[in-house]
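[1] just to be clear, the model below is a prediction. Sequence and coordinates:
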Protein chains: 2
Amino acid sequence: MSLIVQKFGGTSVGSVERIEAVADKVSGFVDAGHQVVVVVSAMSGQTNKLIALANEIMDTPTPREMDVLVSTGEQVTTALLAMALHKRGRKAKSYNGSQVRILTDDSHMKARIREIDDHKIRADLDSGHVVIVAGFQGVDENGNITTLGRGGSDTTGVALAAALKADECQIYTDVDGVYTTDPRVVDSARRLEKITFEEMLEMASLGSKVLQIRSVEFAGKYKVPLRVLSSFKDGPGTLITVEDESEMEAPAVAGIAFNRDEAKVTVLGVPDEPGVAYNVLGPVSEANIEVDVIVQNVAEDDTTDITFTVHRNDLKRAEDIVRASAQSLGAREVKTDGKIAKVSIVGVGMRSHAGIAATMFRALSEVGVNIQLITTSEIKISVVIDEKFLELAVRTLHSAFGLDSTDEE
Amino acid sequence: MSLIVQKFGGTSVGSVERIEAVADKVSGFVDAGHQVVVVVSAMSGQTNKLIALANEIMDTPTPREMDVLVSTGEQVTTALLAMALHKRGRKAKSYNGSQVRILTDDSHMKARIREIDDHKIRADLDSGHVVIVAGFQGVDENGNITTLGRGGSDTTGVALAAALKADECQIYTDVDGVYTTDPRVVDSARRLEKITFEEMLEMASLGSKVLQIRSVEFAGKYKVPLRVLSSFKDGPGTLITVEDESEMEAPAVAGIAFNRDEAKVTVLGVPDEPGVAYNVLGPVSEANIEVDVIVQNVAEDDTTDITFTVHRNDLKRAEDIVRASAQSLGAREVKTDGKIAKVSIVGVGMRSHAGIAATMFRALSEVGVNIQLITTSEIKISVVIDEKFLELAVRTLHSAFGLDSTDEE
């Protein structure tokens, strides 16, 4: 018998039929002898409906009251799922964040979990109940309702699994696992049996939107084995674990991530003095524009070039800011490009395998893809290329690193 | 400055526009220097939608989970009203039943309030907040969400007013007060300035569905001045108070109530022995059929006749039960009549005024209305008549007891 925390998102509980299907799935785990804690989101669309009501009243509704409002969505799902389990002859009990209680700080709409009181849940599990907990919400020290921000139900699931020392935290989504890359771009993309937390973090932040980044960080920190599965079809999904050092034969590259939401700003010929990067990027960040890749190269003659990428929606604002500061910095020129894409290879195996970068660059050059920028981290290499080469680059790299599925699979 | 508790029902908060109107009304009271606690119901239709979801899963959903489900409706309204007040520059804070906390027993779906913790509310009022409380809900000793049953928001309002020793509890509805009788039946029906709790109880139980009976009982018990007003138009409404003994000139009859939902069952010629009434009515009540009027008359020759009324929907079941027991009791005959109406005159003044009953019977006989049954209580006389005479009887009595409005009013 093991203790499993299962999280079902909005689509998975989007109708009474879907909730009944979740009840069937949960029942299966109970039949197999497991103790089950289920974390649920609001039925899909509900949260948006509630937000729309609030926006009819105010453009920027009071955060405390927004939390009171939207937290009702998950509570509705918990009650319906409990009923569906009762209908199947199961003992089940629902809890909202305040009842558990899931203590958070008092940052409404983006609260962080501080502490989970597990005694009610343990007592219910011991008396044979399935425990259903409203995701995404908690309560601060003064009893005010808080929410963890959108997608926060994943975090609730992981935090509960950590508090209960669960054997596994299963996140049910509309995909059946984490893939080596986007199957819509590469036909031969494969579902990964396993991926490490670090790889998952890089994949997630690069646009593989399977899991909320925060919940992966959280799971990694507390070493909660996390499994991504489909709530619509059966299958083992992908297990996200602490790296298993014994697997020496693990492939060097776990997956190919990509992103075409970004635009590039380059400042050419800036006098190369201390503080140049700050002088260029400071005003951008003060304008609350998020900067992703930053590359600085030393050019000839005491000047340097700085390139950075921002979300395409922010390009015009970023350009205006940089043009203004470029003048005072004595920069030669400012160039922008809205038609770029970023492609990354991700894998903890890179640490111990030489020549990964060389393989990447060679593969791209062989198919004529010009690399505009390169950045690297310990387990990731990213290149920025012309947007039109994106699909070609992803397919080429997927194949070059042996990720294509074989006929047997 | 006085402390006012205001309760707004589902129709009064049925849309964002209506909630904005409530915010305007509440703001007016704040401007006039009052401290205001607002109790709200779910937006009209919401509770039924939630119940429909539950019924898609189960015909008889688990009571604990029903409470978890439906209590979200009021919580949504509290948040939206708080936002609407914020938009108007008011300080306002919402609370659900568990946050207040409103402690109840653990009878899900029909819980009774045990205790209200008023310290958060008082602190918020003292710091200039409008406090908004979700009606209809509470929490038991173990933190389980409970509800007071449908219409329970009135009870929440009265209970809060009692706990806070409020100067007045205002119940906003879709009518502008309590009338001497139904204005749809009698054109000259008048809004009452005042009515006593006892009269209101009799009026309410007889079909003037302005207020939930329980909340009136509660208000009477704790001597909370209760005012019924319209949330759609301005006006003083009707004040429901403890009887003012000094008003000797108060009219004998406060209003005429009526009801045409009932049907009559008569058992004729039952041997007159101890336990007859129980033997006839016991099986009916065991079948969970609610009995209203019961009249027993001693007839000639050691037999008696028993007549009682039930809701028309229950007539067939009641008849079957009584026919079965009538045989074993040796009764002569069982008769039923589904076309009856009950008309009552209500007023605390009856206690001190002689001849009220005589006036009633004479007035009815003068217009040819035959009386089938008569029952009396200290402040009420009810007659059961043929349904077709209902409007005639109500109009006749309204006029006979001087309740018709005059041109001046």
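    Received the coordinates, thanks.
[2] where does pLDDT dip in the stretch 301-409 of chain A?
    A:406-409 (pLDDT under 70).
[3] can you list contacts of the helix or strand where residue A:228 lies?
    If you go by DSSP states H and E, residue A:228 is part of strand A:226-230. Strand A:226-230 is contacted by residues A:158, A:168-178, A:197, A:210-211, A:215-216, A:219, A:235-241 when judged by CB atoms under 8 Å, 6 or more residues apart in numbering or on different chains. Yep, even glycine has a C-beta here, placed from its N, CA and C like the rest.
[4] what does chain A put close to chain B?
    For chain A, the contact set with chain B under CB under 8 Å from any CB of the partner chain comprises A:16, A:19-20, A:50, A:53-54, A:56-58, A:61-62, A:64-66, A:68-69, A:71-73, A:75-76, A:78-80, A:82-84, A:86-87, A:93-94, A:96, A:98-99, A:120, A:143-145.
[5] now these: which count as buried?
    The neighbour-count test (16 or more other CB atoms under 10 Å in any protein chain shown) marks A:16, A:19-20, A:50, A:53-54, A:56-57, A:61-62, A:64-66, A:68-69, A:71-73, A:75-76, A:78-80, A:82-84, A:86-87, A:93-94, A:96, A:98-99, A:120, A:144-145 as buried among these.
[6] how about residues contacting stretch A:98-114?
    With CB under 8 Å, 6+ apart, stretch A:98-114 has contacts from A:63-64, A:66-67, A:97, A:115-117, A:120-121, A:133, A:137-149, A:155-156, A:159, B:98-99, B:143-145.
[7] repeat that with 7 Å
    The contact list for stretch A:98-114 (CB atoms under 7 Å, 6 or more residues apart in numbering or on different chains) reads A:63-64, A:66-67, A:115-117, A:120-121, A:133, A:138-141, A:144-149, A:155-156, A:159, B:98, B:143.
[8] go on, stretch A:307-315?
    Contacts for stretch A:307-315 (CB under 7 Å, 6+ apart): A:261-266, A:281, A:289-295, A:318, A:336, A:338, A:373, A:384.
[9] what about it, distance to the chain center?
    20 Å (CA atoms, centre = their mean, to the nearest Å).
[10] from the contacts of stretch A:98-114, which land in strands?
    A:115, A:116, A:133, A:138, A:139, A:145, A:146, A:147 (DSSP state E).
[11] what is the neighbour count of the residue in the stretch 301-409 of chain A that chain B sits nearest to?
    Taking CB to the nearest CB, chain B has its nearest neighbour within the stretch 301-409 of chain A at residue A:313, 28.0 Å off. For residue A:313, the number of neighbouring residues by other CB atoms under 10 Å in any protein chain shown comes to 10.
[12] for residue A:362, same thing?
    11.
[13] ok, residue A:15 next?
    Counted with other CB under 10 Å, residue A:15 comes out at 15.
[14] just residue A:186 next, same as before
    22.
[15] let me know the distance separating it from residue A:180.
    8 Å (CB to CB, to the nearest Å).
[16] okay, and the common contacts of these two?
    Contacts common to residue A:186 and residue A:180, judged by CB under 7 Å, 6+ apart, are residue A:398.
[17] hang on, the earlier thing: tell me which of the buried ones among the residues of chain A next to chain B fall in strands.
    A:93, A:94, A:145.
[18] could you give the bridge partners of the second one?
    With DSSP bridges applied, residue A:94 shows beta-bridge pairing to residue A:132.
[19] residue in the stretch 201-350 of chain A nearest to chain B?
    Counting by CB to the nearest CB, the stretch 201-350 of chain A gets nearest chain B through residue A:231, at 17.7 Å.
[20] quick one: contacts for the closest residue to residue A:61 other than its chain neighbours?
    Spatial nearest neighbour of residue A:61, chain neighbours left out: residue A:54 (4.2 Å); criterion: CB to CB, 6 or more residues apart in numbering or on different chains. Neighbour list for residue A:54: A:61, A:66, A:69, B:80, B:83 [criterion: CB under 7 Å, 6+ apart].
[21] pull the longest helix from chain A.
    Ordering each helix of chain A by length in residues (DSSP state H) puts helix A:63-87 first.
[22] who touches the lowest-mean-pLDDT helix or strand in chain A?
    One helix or strand of chain A scores below all others by mean pLDDT, DSSP states H and E: helix A:197-205, with a mean of 79. Residues outside helix A:197-205 that contact it (CB under 7 Å, 6+ apart) are A:178, A:210-211, A:213, A:216-217, A:219-220, A:240, A:242, A:254-255, A:257, A:346-348, A:379-380.
[23] filter the contacts of stretch A:98-114 down to the buried ones.
    If we count by 16+ other CB under 10 Å, those have these buried: A:63-64, A:66-67, A:116, A:120-121, A:133, A:138-140, A:144-149, A:155-156, A:159, B:98.
[24] my read: residue A:65 touches residue B:77, true?
    No: contact criterion CB atoms under 7 Å: residue A:65 and residue B:77 do not qualify, at 11.2 Å.
[25] among the contacts of stretch A:307-315, name the ones in strands.
    In this view, the contacts of stretch A:307-315 that belong to strands under DSSP E are A:262-266, A:291-295, A:336, A:373, A:384.
[26] which of those residues count as buried?
    A:262, A:263, A:264, A:265, A:266, A:291, A:292, A:293, A:295, A:336, A:373, A:384.
[27] and those residues as a markdown table, adding distance to residue B:225?
    Putting those into a markdown table (distance: CB to CB, whole Å) gives the following:
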| residue | distance to residue B:225 |
| --- | --- |
| A:262 | 66 |
| A:263 | 67 |
| A:264 | 71 |
| A:265 | 69 |
| A:266 | 75 |
| A:291 | 64 |
| A:292 | 65 |
| A:293 | 69 |
| A:295 | 74 |
| A:336 | 71 |
| A:373 | 75 |
| A:384 | 73 |
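[28] which members of the contacts of strand A:226-230 occur in strands, if any?
    A:168, A:169, A:170, A:171, A:172, A:173, A:238, A:239, A:240, A:241.
[29] how about the contacts made by the fourth one?
    Remark: with contacts taken as CB under 7 Å, 6+ apart, residue A:171 is in contact with A:7, A:154, A:157, A:211, A:226, A:227, A:228.
[30] from chain B, how far out is it?
    24 Å (CB to the nearest CB, to the nearest Å).
[31] run through the bridge partners of that residue.
    Under the criterion used (DSSP bridges), residue A:171 bridges to residue A:7, residue A:228.
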